[in-house]
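> Take a look and give me a structure for this.
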Amino acid sequence: MSTKNIGLVSVGVVALNEAAALSALLEDIANQDYPHANIEVVLIDSGSSDGTRDIMESFAEKRQELGFSSIEVLDNPKRIQAAGWNVFFCNAKGDVFIRVDGHATIAYDFVSRNVAVLNAGEDVCGGYRPTIVDKGTQSNWAKTLHIAEEAAFGSSVSDYRRGGEARYVDSLFHGAYRREVIEKVGLFDERLLRTEDNDFHYRIREAGYKIRFDPSIRSAQFARSSLKKMLKQKYGNGYWIGRTLFVQPKCLQKFHFAPFVFVLGIIALASIGAFATWLPFAVCAALYAAATVVLTIRAAIQSPERNWTMVALPFVFFGIHVSYGVGTLVGLLSGTFKKMPSFDAAFSAEEGE
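Predicted coordinates for the structure are as follows:
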């Protein structure tokens, strides 16, 4: 654990076509209660075409008015998230780097809470980060999709989604990192498009650092507003779980493969049905349907967002599981036939361009 007090804090935002959400996030940053003279803001545009960069530039023009140490607007020509964070790490000047996604919101004391935890001796920290429904999409259907997103059965059992007491965890979202951690662990692996955080936090733990979760650090991510967008996201997440097995398998956990096993089970039972009997398929389908109905009723009882469209939750859960599982299967097949370059080789190739 580090005992060095923090001076300058670098807050980074990487965004691609986030004009709809970015202005509100930048307002959150402007309202931070941590001394603005000790904050530099680094905004990275990943080639947006919707006015995102204009919003960033407009915010940068207010530096003196807002009192920040500096506000920089930088480019991420590779467009992918991991490359954007590497631009941040390579250009930020602070003692601490805080990452905030462009499609998010943060509490007014987000920076000060992170700094307090780090000043208590931690090297990496983060907090509770649920998903929320965007104010512009407050339909019943959007609320139902949000319920599915927040449910462990529908999305994830990750620590940062569940809240609870302060503790050490394997990974987190919107993390704060002392500079020395980045200098020792290195940059994000730009070969990974969705699992770069899994790999990065695994390397942090392997380097001997602990990752501290503190529920007083609060931020939120806006949930997908349509089923199509949600299923596309889940497919992509699953795909990169499959590809990551060929890059850094130790950064993944057993629960990441539950949808893949589910899809394999469907394929196996359908094969048995086609050549022998459909009884095992029917029994397993009935058990799964019963489980989704029970969990839907539980969600309806617990959620303040309950509405009539929640009757579709069993089908939403099924769609999430299948899209994620099929994504993992495709990722595994893709990784089998299309090998990725090594981490060092990938960066060496970039330096030679």
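> so who does L193 touch?
80-82, 236, 240 (CB atoms under 8 Å, 6 or more residues apart in numbering). For the C-beta atoms, the positions are set from N, CA and C on the backbone; glycine is no exception.
> Among those, which are located in strands?
Among the contacts of L193, no residue falls in strands (DSSP state E).
> Looking at those, which two lie furthest apart in space?
Pairwise distances across the contacts of L193 peak at 13.9 Å for A82 and G236 (criterion: CB to CB).
> residue ranges of the helices in the stretch 251-353 of the chain, please?
For the stretch 251-353 of the chain, the helices defined by DSSP state H, counting those that start in this stretch occupy 258-275, 279-302, 313-337, 343-352.
> Out of those helices, which gets nearest to W141?
helix 313-337 (9.9 Å).
> Pick out the shakiest of the helices of the stretch 251-353 of the chain, pLDDT-wise.
Here the lowest mean pLDDT among those goes to helix 343-352, at a mean of 50.
> Of A82 and G236, which one has the most company?
For the pair A82 and G236, the greater number of neighbours falls to A82 (22 against 16), based on other CB atoms under 10 Å.
> and the gap between the residue of the chain positioned farthest from its centre and A270?
Most distant residue from the mean C-alpha position of the chain: A276, 43.2 Å away (CA atoms, centre = their mean). If you measure A276 against A270 using CB to CB, to the nearest Å, the figure is 11 Å.
> And the helix or strand harbouring C125, what does it pack against?
Assigned by DSSP states H and E, C125 belongs to strand 124-128. Judged by 3 or more CB pairs under 8 Å, 6 or more residues apart in numbering; DSSP states H and E, the packing partners of strand 124-128 are helix 110-119, helix 159-162, strand 176-178, strand 211-222.
> mean confidence score for the first one?
Put plainly, it is helix 110-119. Across helix 110-119, the average pLDDT comes to 97.
> Kindly report the same for the shortest one.
Confidence over strand 176-178, taken as the mean pLDDT, stands at 98.
> so what secondary structure elements neighbour it?
strand 96-101, helix 110-119, strand 124-128.
> re the thing from before, relative to D199, which of the helices of the stretch 251-353 of the chain is closest?
helix 343-352 (9.3 Å).
> re earlier: redo the helices and strands packed on strand 176-178 as CSV? Include distance to K210 and mean neighbour count.
Below are the helices and strands packed on strand 176-178 laid out as CSV (distance: least, CB to CB, whole Å; neighbours: other CB atoms under 10 Å):
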stretch, distance to K210, mean neighbour count
strand 96-101, 16, 23
helix 110-119, 12, 22
strand 124-128, 7, 25
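> coming back round to it: closest to E190 out of the contacts of L193?
Using CB to CB, A82 is the member of those that lies nearest E190, at 4.7 Å.
> Got the phi and psi for S10?
phi -100, psi 120 (degrees, to the nearest 10).
> so where is the chain shaky, pLDDT-wise?
In the predicted model, the chain carries pLDDT under 70 at residues 1-3, 136, 154-163, 342-353.
> in stretch 171-182, what counts as buried?
171-179, 181-182 (16 or more other CB atoms under 10 Å).
> Save those residues as CSV, and put in distance to L332 too.
Shown next, in CSV, are those (distance: CB to CB, whole Å):
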residue, distance to L332
S171, 22
L172, 27
F173, 26
H174, 30
G175, 28
A176, 34
Y177, 31
R178, 36
R179, 37
V181, 32
I182, 31
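> wait, which of those residues is closest to V263?
Distances from V263 to the buried residues of stretch 171-182, taken by CB to CB, are shortest for S171, at 24.2 Å.
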